[in-house]
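*Asks:* Provided below for reference: sequence and predicted model.
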Amino acid sequence: MSEQLDKKSILEMSMGAILERVDYEMGKVIDNILDLNTKPTGKRKITVTLELIPSADRKTITVQTTAKSSLVPTDPVTTSLFITNQPNTGEMVVAEMVPQVPGQMALDGSEQVSPKILNFKRA
């Protein structure tokens, strides 16, 4: 009576570690899809690479597997900068533009905070 072999996919080898790596990358893709800072319809990709390295006597094969994901980058964040001189010192500064005059009250009762000043050295 001949024994029947339980044939498996290469993806099931390495005690399931190959499938585990693909599932891990799939989790990163799902997180990227759910991230509101990314383009919702952007294509994501998972690439699985199997490298098969036979021994010199051709009796054994080493299989190295990598799984990697290509994600959609986050949407760009935009701000505007204003170049001006410090009133007291005349030193040139770059400040982030704010919607209102600093200290001015908005209709909702909030107060406009002072703009961020960029710290840089001139060449």
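*Replies:* Great, that's in hand.

*Asks:* all contacts plus neighbour counts: C-alpha atoms, from now on.
*Replies:* Will do.

*Asks:* how close does the residue most central in space within the chain sit to residue 38?
*Replies:* In the chain, the centroid-proximal residue (CA atoms, centre = their mean) is residue 73; its distance is 5.6 Å. Separation of residue 73 from residue 38 (CA to CA, to the nearest Å) stands at 6 Å.

*Asks:* ranges for the helices of the protein?
*Replies:* Here the chain has its helices, by DSSP state H, at 17-34.

*Asks:* where do the strands sit along it?
*Replies:* For the chain, the strands defined by DSSP state E occupy 45-54, 61-70, 81-85, 92-96, 117-118.

*Asks:* now those as CSV including distance to residue 26, mean neighbour count and mean pLDDT?
*Replies:* Shown next, in CSV, are the strands of the chain (distance: least, CA to CA, whole Å; neighbours: other CA atoms under 10 Å; pLDDT from 0 to 100):
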stretch, distance to residue 26, mean neighbour count, mean pLDDT
strand 45-54, 7, 13, 97
strand 61-70, 8, 14, 96
strand 81-85, 39, 13, 85
strand 92-96, 39, 15, 84
strand 117-118, 40, 14, 78
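
*Asks:* and of the ones you listed, who's closest to residue 12?
*Replies:* strand 61-70 (11.8 Å; CA to CA).

*Asks:* got the angle between that closest one and strand 45-54?
*Replies:* Here the directions of strand 61-70 and strand 45-54 differ by 170 degrees (axes from the mean of the first three to the mean of the last three CA atoms, to 10 degrees).

*Asks:* quick revisit: tell me which of the strands of the chain sits nearest to residue 5.
*Replies:* Among the strands of the chain, strand 61-70 sits nearest to residue 5 (CA to CA), with 19.4 Å.

*Asks:* parallel or antiparallel, list what pairs with that closest one.
*Replies:* Applying DSSP bridges, strand 61-70 is found paired with strand 45-54 (antiparallel).

*Asks:* and the chain, what are its domains?
*Replies:* 10-70, 79-123 (automatic domain parsing).

*Asks:* out of those domains, which gets nearest to residue 3?
*Replies:* Set against residue 3 and scored by CA to CA, the domains of the chain come closest in domain 10-70, at 20.8 Å.

*Asks:* next one: the lowest-mean-pLDDT helix or strand in the chain to chain centre, how far?
*Replies:* For the chain, using mean pLDDT, DSSP states H and E, the weakest element among its helices and strands is strand 117-118, scoring a mean of 78. In terms of CA atoms, centre = their mean, to the nearest Å, the centre of strand 117-118 is set 27 Å apart from its chain centre.
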